[in-house]
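A.B. asks: Quick one, structure for this:
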Amino acid sequence: MKNLSTCTDYELVQLYENGNDRAFDELLDRHQSYVYSYILFLVKEEDRANDVFQETFTRAIAAIRSHKYQTTGKFSAWLIRIAHNLIIDSSRDIESEIVIPQEKFTPKILNDIRLSELGVEGNIMEQQKCDQIRKMLDYLPEVQREVILMRFYENLSFKEISQKTGVSINTSLGRMRYALINLRRMVRKHDMALVG
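C.D. replies: Reported below is the predicted structural model:
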């Protein structure tokens, strides 16, 4: 077996694309400090930086696994571009949270029966999806289930998760990654439509 520490980033991406999860661990080890420092420098808030960092690597995983990674430059520059775009998007979201007084809406739109029916149906479908996912969590290894519950159900940051579990942020991220991979496998295996 090839020593992953001697591989180039491109080789590691190829290996990960072909199913070698340890190749991504090597990429994460190589680039996490640089990427996190960049994010923290821009957002200046640890919790938000941790969230952007986690989302950056989640998107990188998704892009590589779906064969969308293009080798147009350095891998680290690609990660920074993902992080930068996420920071810009989240800044726009924060800036666009403007409260519009209710009198700006016409009562006819608010009382449209079609909107309320769609809302009820949508809520039921969303609840069914949540129930399916919650049941699948029981089939995950304990450490993976724990990080999913803390992140998505308790809304803890990865820093808080690492403090609560006594492991590093890197380990918490790794557990999350493997949990999401396992959940996706279960979804595919049972042909579940979790996206409405």
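
A.B. asks: give me phi/psi at residue 183?
C.D. replies: Geometry field for residue 183 lists phi and psi as phi -60, psi -40, criterion degrees, to the nearest 10.

A.B. asks: An error on my part: the question was meant for residue 67.
C.D. replies: Dihedral angles phi and psi of residue 67 (degrees, to the nearest 10) take the values phi 60, psi 40.

A.B. asks: do the one 5 residues further on as well
C.D. replies: The phi and psi values for residue 72, taken as degrees, to the nearest 10, are phi -100, psi 0.

A.B. asks: neighbours around it, how many?
C.D. replies: For residue 72, the neighbour count with other Cβ atoms under 10 Å is 7. (Each C-beta comes from the backbone N, C-alpha and C, glycine too.)

A.B. asks: quick one: it from residue 34, how far?
C.D. replies: Relative to residue 34, residue 72 is positioned 19 Å away (criterion: Cβ to Cβ, to the nearest Å).

A.B. asks: tell me the SS of residue 140?
C.D. replies: Each residue gets one of three states, and residue 140 gets coil by DSSP: H, G, I helix; E, B strand; the rest coil.

A.B. asks: Domain ranges for this structure, per the record?
C.D. replies: Annotated domains of the chain cover 1-98, 102-196 [automatic domain parsing].

A.B. asks: Lowest average pLDDT across those domains?
C.D. replies: Least confidently modelled of the domains of the chain is domain 102-196, at a mean of 68 by mean pLDDT.

A.B. asks: Next, the contact list for the closest residue to residue 90 other than its chain neighbours, please.
C.D. replies: The spatially closest residue to residue 90, leaving aside those adjacent along the chain, is residue 52, at 6.8 Å (Cβ to Cβ, 6 or more residues apart in numbering). With contacts defined as Cβ atoms under 8 Å, 6 or more residues apart in numbering, residue 52 is in contact with 39, 43, 83, 86-87, 90.
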